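In: What would the 3D arrangement of this be:
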Amino acid sequence: MKIGVLRGRENSFPDAFIGKVNSMGRGVFAEHIHLGGTKLNEPVPYRVVLDRIGHEIPYYSVYLKMAALQGTYAINNTFWRNADDKFFGYAIAEKLGIAEPKTMVLPNFQYVEDVNDESLRNLWPIDFQMYADYVGFPCFMKPAFGGGWRDVNKIHNMDELMRHYQASGQKTMMLQEAVTWDIYIRIPTIGRKHVRAIEYDPRPGGMGGYNQDYDAIPSRIRDEAEELSLRFNKALGYDMNAIELAYKDGRYYGIDLTNYTPDLDYRALKDAHFPWAVEKMAEFAVEKALSGEGTPQPPTAAGLMVR
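Out: Numbering: from 1, shown residues only. Sure thing, here's the model as predicted:
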């Protein structure tokens with residue numbers, strides 16, 4: 001019985017994951033997948049696939065969808081990745097009781113070649129001043145699809161807003177209220193049951209990411225943050241995610257919630273947290289391999305509704 005790994009440029013986490021699985025003695029063998037084209041309904045030899053790069057390589061997503069038809073369990077579910085976006089994640093988080101900064105999504109600045117004025121007849125001109133007044137300055141402009149804090153810019157005035165919007169090309173961008181925090185928390189979560197809330201500094205020139213002291217966050221705040229992450233990931237069906245919460249005056253604000261391929265590299269997690277991520281992912285992948293469970297159905301709108 002085999003687990004396959006799709007990886008990109010990272011080395012530490014995929015290699016350590018494979019080593020851990022192969023050392024567990026559970027009758028499950030892990031390896032890197034090698035593909036060079038795929039025949040229609042070609043047999044897929046993997047019970048589980050850990051996908052660390054399909055969000056950037058469309059061919060891998062096509063392969064994983066076919067694999068799902070054969071009962072392969074994909075981490076994460078590629079069908080769900082094709083449906084989610086960060087704005088939707090914020091909407092769901094608010095339904096689940098996580099506070100959200102004021103956020104709005106903008107029509108694209110540019111479109112693919114065939115889109116013309118007739119294609120856009122449903123769109124009214126954007127009232128940038130109204131939306132700037134709504135979120136306030138300073139605010140953040142960020143993509144609705146993406147990760148790793150790429151193309152995220154702090155906006156201080158209308159000139160900066162227009163400059164970054166006009167530089168966004170075909171990306172769908174959001175404006176979001178800037179929230180100050182007492183504690184910023186990043187929460188790697190695996191299998192919707194293994195969770196680790198860690199103090200994190202996302203600011204340039206900050207402490208460089210994850211605090212190596214797991215106990216740096218007061219235990220009550222850490223426990224509540226972990227429970228919020230579990231609730232969010234169970235609702236959306238993420239087996240691998242790392243949400244970011246800003247804690248201020250007793251409230252948790254969801255800042256970044258849908259990270260289909262969270263950073264689990266040793267250079268980020270280091271000695272305090274990397275072994276935990278490797279061990280829990282290996283345990284979860286082997287559990288799914290032995291269970292015979294296939295890729296679950298994506299969450300439905302009805303199932304996500306909170307009354």
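
In: Which residues lie in contact with the closest residue to residue 10 other than its chain neighbours in this structure?
Out: Leaving aside its chain neighbours, residue 10 sits nearest to residue 265 (5.3 Å; criterion: CB to CB, 6 or more residues apart in numbering). All C-beta spots, glycine's among them, are computed from the backbone N, C-alpha and C. Shown in contact with residue 265 (CB atoms under 8 Å, 6 or more residues apart in numbering): 10, 12, 13.

In: From what I see, the second one and residue 274 are in contact.
Out: Yes - using CB atoms under 8 Å, residue 12 is in contact with residue 274, at 7.3 Å.

In: More neighbours: which of these two?
Out: For residue 12 versus residue 274, neighbours defined as other CB atoms under 10 Å are more numerous around residue 274 (19 against 15).

In: Secondary structure class of the more buried one, three-state.
Out: Put simply, residue 274 is helix when judged by DSSP: H, G, I helix; E, B strand; the rest coil.

In: Kindly report the same for the one 10 residues further on.
Out: Using three-state DSSP, the structure places residue 284 in helix.

In: which residue ranges form the helices in the chain?
Out: 12-23, 58-69, 78-81, 86-95, 128-135, 158-166, 219-236, 266-291, 301-304 (DSSP state H).

In: Name the residues of the third one that come out as buried.
Out: So that's helix 78-81. Going by neighbour count (16 or more other CB atoms under 10 Å), the buried part of helix 78-81 is 78, 79, 80, 81.

In: roughly how far apart are the first one and residue 214?
Out: Applying CB to CB, to the nearest Å, the value for residue 78 to residue 214 is 32 Å.

In: Below-threshold pLDDT in the stretch 101-250 of the chain: ranges please.
Out: Flagging of the stretch 101-250 of the chain using pLDDT under 70 yields the residue ranges 204-208.

In: which residues are contacting stretch 245-252?
Out: By CB under 8 Å, 6+ apart, the list of residues contacting stretch 245-252 from outside reads 98-99, 179-185, 187, 221, 224-225, 228-229, 253-255.

In: Go ahead and build a PyMOL selection from the buried members of those residues.
Out: To isolate the buried subset of the contacts of stretch 245-252 in PyMOL, counting by 16+ other CB under 10 Å, use the following:
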select buried, resi 98+179+183+184+185+187+221+224+225+228+229+253+254+255
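
In: Mind checking which of the contacts of stretch 245-252 are in strands?
Out: Among those, DSSP state E puts 183, 184, 185, 187, 253, 254, 255 in strands.

In: Good, wrapping up.
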